[in-house]
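Engineer: model this:
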Amino acid sequence: MRSANRVKYLLIGVLATLSACAPLAKVSETRPKLDAQHGTIPELRRSEQAIVDGQKLERSDPNRAVGFYLAGVEAASTELRRDSKDRMALRDYNFALSRVFAVIRDSHLNPWTHSLRVPGPGGEYLLTHRPHANRLWKPEDYDLIPTDELDVRGKFVLPRITRQGAGASLVAVRIEQSPETKQQFVAARVYFAITAVAQFSERRCEITFIDPLAIETANVLGRNLPSAADFTAPLALGLSRERPERLGLRALLIPEKFAEKARLTRLQPYDSKKIPVLFVHGLQDTMATWAPMVNTLRADPVLRRNYQLWVFSYPSGYPIPYSALLLRRELDALNKVFPNHRPIVLIGHSMGGIISRLMITDTNGDKLWRSYFGKSPEQTDLSQESRALLTKALIFKPRPDVARVIFICTPHRGSMMAKNPIGRMASSIIRAPARFVTLSHEILQASVQDDPAVMRMTRIPNSIDTLSPNNRFVKSMNTLPITKSVPYHSIIGDRGRGDTPNSSDGVVAYWSSHLDGAKSERIVPSSHGAHQNAQSIAEVARILKEAVGSKYR
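Structural biologist: Model (predicted):
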């Protein structure tokens, strides 16, 4: 017993060490400089001179600094109207406008609630903004950070994805959580990409905020130019500040403590014309695990135009059928809030793939139920509360709102790692939620205990238990049909050995990941983290582009 406890504590220590790894992204602030000109020019352009003068005033007189920067933006706008390909004018426009936001932020100015009058060369400017159609977007509710002041590093956010064009690229960080955010599937702390564009009418400067994921152009004094964007900076800043990856282990071991984390979250403003792509993470993971894929997919203009990215987060210690129930509940809520959304593409990694599979699986009535209890729900001796919960978890039909699924390293037939000593030990330290402990006695009494093909249940199975090849749920799931109307794809890792079908990604073997009937199957030289592999991400992009071109439901 003492030896077992030592091993258990050692395992907890190893897991804790792994979960406390270095940040996935690191963002530090830097002071940007105006790029040097090419060649020798005898005197500064008007826009450059205004920027130089504004920089001298930032600390001593922030209001005048804003005025001079606006003068620089206006002068550069005039040059761009004359020649939309004037690279120096575009440089000055973006730099000066970004400095306007830097001074506003550093000096705690607020031109968004009430227009701001600032002195500048040649007279006073009135700084204001155009109201946004999205009522949740009010610039005064956000910290607006110029992205040229952010130095981005980290393996999950490289390369840095930007788009060259006109406008100040900003990260919009919500200052306080709105009571509407959860109902609207917005994260508690929002990190969005925003591009600001300035329009001048005499001495009035009106700022327009645009979503660079939705709008590819900006109007500068009548000239339609590509709009600037930094798609990586918001992702990197959110990862570096929030550190969501640190919750993965704790949500596995103590799932009940993180029950409120089970939710859908959209990674960008909702657009009814775009197809939702919903990422579902695996065991001991969080939404942070999708950062490399999100970063890369956003680099593609075709995907930006046609798709919007969402994530489903959940405590991964829950039994898989219960986690799938939580996802169905969230999808039901999504249908109520956004009833006109396009059919969804699910992308599931590892255990998240099984949860995704259950969205397109038909239990054929109570077939899955009977694999546990050997009789119908009505004949099973359970309390009303237990029967209601289990009915929702074990009896379901394919969802009509899911149109395509991509499985990545998914253990459809289980993983041997779940039944080896490390897997069994890890399973033993997961703390069952109170509701399951309370209900476990009657569920175990009512369940089938004499099936020689499966292990006898001594407690409610957790997520690791339900990943064992011998688990009753795994065996039963593979007898259930996947709806024929929904195409599905498999991406499978083989650690670069090229010995498929005898291959493995180190956690899941090919014999478990392979699914007959898949529209496509791609083997990539990768470990179990294939959802972060460049070839896997390229395959996801290919599938999504193909789906747009096909007859999409």
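Engineer: Can you pull the domain assignment for the protein?
Structural biologist: Domain ranges of the chain: 26-236, 254-548, per automatic domain parsing.
Engineer: average model confidence for the first one?
Structural biologist: To tie it back to what came earlier, the one meant is domain 26-236. Per-residue pLDDT values across domain 26-236 average out to 91.
Engineer: okay, how far is it across that domain, tip to tip?
Structural biologist: Counting by CA to CA, to the nearest Å, you get 7 Å between the two ends of domain 26-236.
Engineer: mind checking how far it is from the chain centre?
Structural biologist: Taking CA atoms, centre = their mean, to the nearest Å, one finds the center of domain 26-236 at 25 Å from the center of the full chain.
Engineer: Make a markdown table out of the domains of the chain and add distance to Arg243 and mean neighbour count.
Structural biologist: Where you see a C-beta, it was placed from the backbone N, CA and C, and this is true even at glycine. Output for these, formatted as a markdown table (distance: least, CB to CB, whole Å; neighbours: other CB atoms under 10 Å):
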| stretch | distance to Arg243 | mean neighbour count |
| --- | --- | --- |
| domain 26-236 | 11 | 18 |
| domain 254-548 | 8 | 19 |
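Engineer: Out of these, flag the one nearest Arg246.
Structural biologist: Closest to Arg246 of the domains of the chain is domain 254-548 (CB to CB; 8.3 Å).
Engineer: average pLDDT for the closest one?
Structural biologist: Average pLDDT, domain 254-548: 89.
Engineer: and the end-to-end length of that domain?
Structural biologist: One end of domain 254-548 sits 40 Å from the other (CA to CA).
Engineer: and if you look at stretch 196-210?
Structural biologist: 6 Å.
Engineer: contact partners of that stretch?
Structural biologist: Residues outside stretch 196-210 that contact it (CB atoms under 8 Å, 6 or more residues apart in numbering): 70, 73-74, 77, 97, 100-101, 111, 123-130, 132, 137, 139, 144, 166-168, 170, 194-195, 218-221, 227.
Engineer: residues making contact with stretch 214-225?
Structural biologist: 77-78, 80-81, 84, 90, 93, 163, 165-167, 195, 197, 199-200, 210, 226-228, 269, 271, 301, 305.
Engineer: about what we covered before: take the domains of the chain and lay them out in TSV including distance to Arg246.
Structural biologist: Converted to TSV, the domains of the chain look like this (distance: least, CB to CB, whole Å):
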stretch	distance to Arg246
domain 26-236	14
domain 254-548	8
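Engineer: Test my guess that Gly498 contacts Tyr510.
Structural biologist: No: counting by CB atoms under 8 Å, Gly498 stays clear of Tyr510, with 11.5 Å between them.
Engineer: Spell out which residues are contacts of both of these two.
Structural biologist: Where contact means CB under 8 Å, 6+ apart, no residue is in contact with each of Gly498 and Tyr510.
Engineer: For Thr265, give me the backbone phi and psi.
Structural biologist: Main-chain torsions, Thr265, degrees, to the nearest 10: phi -140, psi 130.
Engineer: who's in contact with it?
Structural biologist: Phe185, Val186, Ala187, Met287, Trp310, Val311, Phe312, Ser313 are the contacts of Thr265 under CB under 8 Å, 6+ apart.
Engineer: let's see it at 7 Å
Structural biologist: Neighbouring residues of Thr265 by CB atoms under 7 Å, 6 or more residues apart in numbering: Phe185, Ala187, Met287, Trp310, Val311, Ser313.
Engineer: which stretch among the domains of the chain comes nearest Leu247?
Structural biologist: Closest to Leu247 of these, according to CB to CB: domain 254-548, at 5.6 Å.
Engineer: For that closest one, what is the distance to the chain centroid?
Structural biologist: 17 Å.
Engineer: Now do the helices in the stretch 401-550 of the chain.
Structural biologist: Taking DSSP state H, counting those that start in this stretch to define them, one finds helices in the stretch 401-550 of the chain at 421-428, 434-446, 472-477, 510-513, 534-549.
Engineer: what helices or strands is the third one leaning on?
Structural biologist: Right, the one you point to is helix 472-477. Judged by 3 or more CB pairs under 7 Å, 6 or more residues apart in numbering; DSSP states H and E, the packing partners of helix 472-477 are helix 367-373.
Engineer: Quick check, central residue of this structure?
Structural biologist: Nearest residue to the geometric centre of the chain (CA atoms, centre = their mean): Val311, 4.8 Å.
Engineer: Not counting its neighbours along the chain, what's nearest that residue?
Structural biologist: Spatially, and ignoring its direct neighbours in sequence, Val311 is nearest to Met287 (4.2 Å; CB to CB, 6 or more residues apart in numbering).
Engineer: Was I right to think the one you found contacts His281?
Structural biologist: Yes: at 6.4 Å, Met287 counts as touching His281 under the criterion of CB atoms under 7 Å.
Engineer: Walk me through which strands the biggest strand by length in the chain pairs with, and which way each runs.
Structural biologist: If you go by DSSP state E, the chain has its longest strand at strand 191-201. When pairs are called by DSSP bridges, strand 191-201 turns out to pair with strand 168-174 (antiparallel), strand 204-210 (antiparallel).
Engineer: out of those strands, nearest to Gln532?
Structural biologist: Using CB to CB, those put strand 168-174 closest to Gln532, at 22.9 Å.
Engineer: Which residues outside that closest one are in contact with it?
Structural biologist: Defining contact as CB under 7 Å, 6+ apart, one finds that strand 168-174 is touched by 94, 97-98, 101, 141-147, 189-196, 228-230, 233-234, 237.
Engineer: hmm, back to that, from the contacts of Thr265, which two are the most distant?
Structural biologist: Farthest-apart pair in these is Phe185 and Met287; separation 12.5 Å (CB to CB).
Engineer: Can you give me the first-to-last residue distance of stretch 487-502?
Structural biologist: Start-to-end span of stretch 487-502 (CA to CA) is 26 Å.
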